[in-house]
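Chemist: okay, sequence plus prediction incoming.
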Amino acid sequence: MRFEGDDPDVRWLREWSPRYRREAWSLALADQSVHDPVLAEELGELYGRERRQRHERFAGVPACLDELRDAYALGVITNGASCLQREKLATAGLEEYFDTVIVSAEFGVGKPDPSIFEHALDQLDVTAEQTTMVGDSLVRDIDGAVATGMRGVWINRDGRDRPEDRTEVVEISTLSELPFALERIQEAVAP
């Protein structure tokens with residue numbers, strides 16, 4: 001990760017991350033009885049390059065986004081370093097689908113803090129009542145959105161058990177189910 005930018009926290013991460021990668025790989029190699037600092041350094045650099053080249057998107061994402069963007073304003077709220085999150089969207093060929101992309105490192109606060117969701121609403125010029133957050137984390141994505149007054153659709157790709165206190169959240173297992181889920185939500189809130 002390059003951790004681009006002049007913010008003091010970003011500069012600190014940029015300086016810290018090479019040491020962290022080297023130490024992490026040194027520990028992993030030591031678990032295999034290999035003590036080679038040069039190899040640890042090389043693996044730390046190689047891992048980052050390989051990871052960036054292998055960003056994959058879930059099946060059906062472009063088709064779903066093609067269908068949705070004709071009817072909805074679309075935005076992304078993502079936690080993490082700006083350079084990494086924006087690189088993921090670009091590498092996956094998805095950035096063109098979104099009217100706004102909000103990265104926690106740029107905004108200064110991450111999900112589930114309501115202020116990042118409110119910022120997204122402002123960017124899209126919509127109200128919370130008009131908006132549905134779609135995400136795979138009940139705590140960061142769904143709870144944060146619901147605290148702002150949005151509805152939530154939980155993508156439960158792994159078939160995890162639904163917590164008993166989340167009965168109001170619509171659950172899907174793949175994005176191909178999302179258009180139908182959004183129609184159900186609209187019907188439920190229609191006057």
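Modeler: Looks like it arrived, so ask away. Numbering: from 1, shown residues only.

Chemist: centre-most residue in this protein?
Modeler: Centroid check for the chain by CA atoms, centre = their mean gives Thr78 as the closest residue, at 3.9 Å.

Chemist: starting at the chain centroid, how far to stretch 157-172?
Modeler: 19 Å (CA atoms, centre = their mean, to the nearest Å).

Chemist: which SS class is Pro112?
Modeler: Going by DSSP: H, G, I helix; E, B strand; the rest coil, the secondary structure assigned to Pro112 is coil.

Chemist: any idea how this structure splits into domains?
Modeler: Using automatic domain parsing, the domains assigned to the chain come out as 8-53, 61-189.

Chemist: pick the most deeply packed of those domains.
Modeler: Of the domains of the chain, the one with the most neighbours on average (mean count of other CB atoms under 10 Å) is domain 61-189, at a mean of 16. Yep, even glycine has a C-beta here, placed from its N, CA and C like the rest.

Chemist: what average pLDDT does it get?
Modeler: Domain 61-189 carries an average pLDDT of 92.

Chemist: so for the lengthiest helix in the chain, what's the average pLDDT?
Modeler: Longest helix in the chain, counting residues (DSSP state H): helix 8-31. Averaged across helix 8-31, pLDDT comes to 84.

Chemist: so how far is Val134 from Pro191?
Modeler: The gap separating Pro191 from Val134 is 24 Å, by CB to CB, to the nearest Å.

Chemist: ditto for Lys111
Modeler: Lys111 is 13 Å from Val134, by CB to CB.

Chemist: what do the two both touch?
Modeler: Common contact partners of Lys111 and Val134 (CB atoms under 8 Å, 6 or more residues apart in numbering): Asp141.

Chemist: in this protein, which spans are strands?
Modeler: Using DSSP state E, the strands of the chain run over residues 75-78, 100-103, 132-135, 151-155, 170-172.

Chemist: Arg11 is nearest to which of the ones you listed?
Modeler: The closest of these to Arg11 is strand 100-103. By CB to CB, the value is 17.1 Å.

Chemist: packing partners of that closest one?
Modeler: strand 75-78, helix 82-91, helix 114-124 (3 or more CB pairs under 8 Å, 6 or more residues apart in numbering; DSSP states H and E).

Chemist: nearest to Val146, out of the ones you listed?
Modeler: helix 114-124 (9.4 Å).

Chemist: contact partners of the closest one?
Modeler: Contacts of helix 114-124 (CB under 8 Å, 6+ apart): 73, 75, 77, 99-100, 102, 104, 107, 109-111, 127-128, 131, 133, 144-145, 147-148, 150.

Chemist: and the residue nearest to the centre of the chain, bridged to which residues?
Modeler: Val103 (DSSP bridges).
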